[in-house]
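[1] My questions concern the predicted model and sequence given below.
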Amino acid sequence: MIFNKGELFCGPGGMSKGAQDALVIHPQTGEEFRIQHIWANDFDADSCKTFAKNICGDENDPSVHLGPVEKLPIGDREVLPDIDCLAFGFPCNDYSQVGKKKGMDGDYGPLYSYGVKAIRAYQPKFFVAENVGGLKSANEGQAFIQILTELEEAGYHLTPHLYKFEEYGVPQARHRIIIVGIRNDLHEEGIHFRVPAPTTPVPEQYVTSKQALTDPPILEFALNHEYPRHGEKVKKMLEHIPEGKNAWHPDIPKELQLNVKGARLSSIYKRLDSNRPAYTVTGSGGGGTHMYHWKENRALTNRERARLQTFPDDFEFIGSRESVRKQIGMAVPVKGVKQIFEAILKTFAGIEYDYVEPEPKLQLENLVKQKSIAAKELAALV
């Protein structure tokens, strides 16, 4: 069985690469269950070229539509054909803990609604939606309730869960809310998605940043592996920063310390800890936010960042060095999302797999109940 997939906010293709790599073969019948790309959209030109080159085989593939989602002809089958599944990692800028957390009041907050629009237009068998953990608390929790409500009202049984990707073999502490929706009629027929059980559930099993970047070693001529250049002061400062520590380590001589008032962000000139997964790969930020090698006195290359996001070394990112950095930082870890797609395929194939219960605090009925209790407590105080 082949599921034809459409995708909004596709970025460079982390979600699609994970879907493309997911393959389930029924042990009795030998039938293959897999997912294939049909169309995708993003507003960033370099991301579209990267996606098209790696997912479609041609960076000018017409199935990848460049432009704002607001102008995408959702529902026009001549431009965007019918699909069996939809993926959308709607922009997280207004929900991130790092940003201003405007939620629905920000420029990006309402963009999830185009995912809902596509779901209503195509009624896919399932969808996968992704966003940052901060989504739950945006607009005092109301944004997440609204999003879940609209997805449910579109006719889907939802399984939202906070996935900690280091527990799924990803060499990075990256936590994301992923909502899997199964169309109601299929759910009623017995297609019940379960959250796949972590494959590396305890710290002793986590894949470390050192393992990710050295096993196997990255070839010198690997794609997107240009080494960064640093001034002498930065290189000297890094000499005094132990692995896992940042620019405010007490051993840094005074003349090399940063002259930044009030800033103590833990990621500023922070080295990786070779014995632990990397901290979260980000796609933006000024000097000192590029992630730093645990031993060498330099920032990581883009290929090293891509390794931490579990992209294969032959996955070529197109664009300037900063554009590539942004693409990698905004992507979904390939290996992590592949396991989610495989669990969905096993669900449709009727194959049992190890699973865990979804995070109770993210279930719509619990969120509404908590909101109601909080409102009553507030009213009592007034």
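    The structure has been received and is ready for your questions.

[2] which residues of the stretch 101-250 of the chain fall in helices?
    Using DSSP state H, counting those that start in this stretch, the helices assigned to the stretch 101-250 of the chain run over residues 112-122, 142-153, 184-188, 209-214, 232-239.

[3] Which one of those lies nearest to residue 86?
    Evaluated with C-beta to C-beta, these place helix 112-122 nearest to residue 86, the distance being 5.6 Å. Yep, even glycine has a C-beta here, placed from its N, CA and C like the rest.

[4] Report the angle between the closest one and helix 142-153.
    Here helix 112-122 points in a direction 0 degrees away from that of helix 142-153 (axes from the mean of the first three to the mean of the last three C-alpha atoms, to 10 degrees).

[5] Tell me the helices and strands packed up against helix 112-122.
    With contacts defined as 3 or more C-beta pairs under 8 Å, 6 or more residues apart in numbering; DSSP states H and E, helix 112-122 has these neighbours: strand 2-8, strand 85-88, strand 126-132, helix 142-153.

[6] Give the buried residues for that helix.
    Using 16 or more other C-beta atoms under 10 Å as the test for burial, helix 112-122 gives 112-119, 121-122.

[7] Output those in TSV; the columns should cover distance to residue 3.
    Conversion of these to TSV gives the following (distance: C-beta to C-beta, whole Å):
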residue	distance to residue 3
112	22
113	24
114	21
115	17
116	20
117	20
118	15
119	15
121	17
122	12
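
[8] so can I have JSON lines of these showing distance to residue 349 and pLDDT?
    Conversion of these to JSON lines gives the following (distance: C-beta to C-beta, whole Å; pLDDT from 0 to 100):
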{"residue": "112", "distance to residue 349": "29", "pLDDT": "87"}
{"residue": "113", "distance to residue 349": "32", "pLDDT": "89"}
{"residue": "114", "distance to residue 349": "30", "pLDDT": "93"}
{"residue": "115", "distance to residue 349": "26", "pLDDT": "93"}
{"residue": "116", "distance to residue 349": "28", "pLDDT": "94"}
{"residue": "117", "distance to residue 349": "30", "pLDDT": "95"}
{"residue": "118", "distance to residue 349": "25", "pLDDT": "96"}
{"residue": "119", "distance to residue 349": "23", "pLDDT": "97"}
{"residue": "121", "distance to residue 349": "27", "pLDDT": "97"}
{"residue": "122", "distance to residue 349": "22", "pLDDT": "98"}
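
[9] what's the most distant pair in the residues you listed?
    Based on C-beta to C-beta, the longest span within those runs between 112 and 122 and measures 16.2 Å.

[10] still on that earlier bit, out of the helices of the stretch 101-250 of the chain, which comes closest to residue 368?
    Using C-beta to C-beta, the nearest of those to residue 368 is helix 142-153, at 6.4 Å.

[11] Just the angle for that closest one relative to strand 126-132, thanks.
    Computed by the same axes, to 10 degrees, the angle between helix 142-153 and strand 126-132 is 180 degrees.

[12] Can you give the distance of stretch 285-301 from its chain's centre?
    Averaging C-alpha coordinates over stretch 285-301 and over its chain gives two centres that are 21 Å apart (C-alpha atoms, centre = their mean, to the nearest Å).

[13] how about that stretch as CSV, C-alpha atoms only?
    The C-alpha coordinates for stretch 285-301 follow below in CSV (Å, rounded to 0.1, in the frame of the first residue of the first chain):
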residue,chain,number,x,y,z
GLY,A,285,21.3,33.6,16.1
GLY,A,286,24.4,35.8,16.1
GLY,A,287,27.9,35.3,17.2
GLY,A,288,28.4,32.5,19.7
THR,A,289,25.2,30.6,18.8
HIS,A,290,26.7,28.3,16.1
MET,A,291,27.3,25.3,18.4
TYR,A,292,30.9,24.5,19.3
HIS,A,293,33.1,21.4,19.0
TRP,A,294,33.8,19.7,22.4
LYS,A,295,37.6,19.7,21.7
GLU,A,296,38.5,21.7,18.6
ASN,A,297,38.4,25.5,19.0
ARG,A,298,35.7,26.1,16.4
ALA,A,299,32.0,26.1,15.6
LEU,A,300,30.5,23.1,14.0
THR,A,301,30.3,22.8,10.2
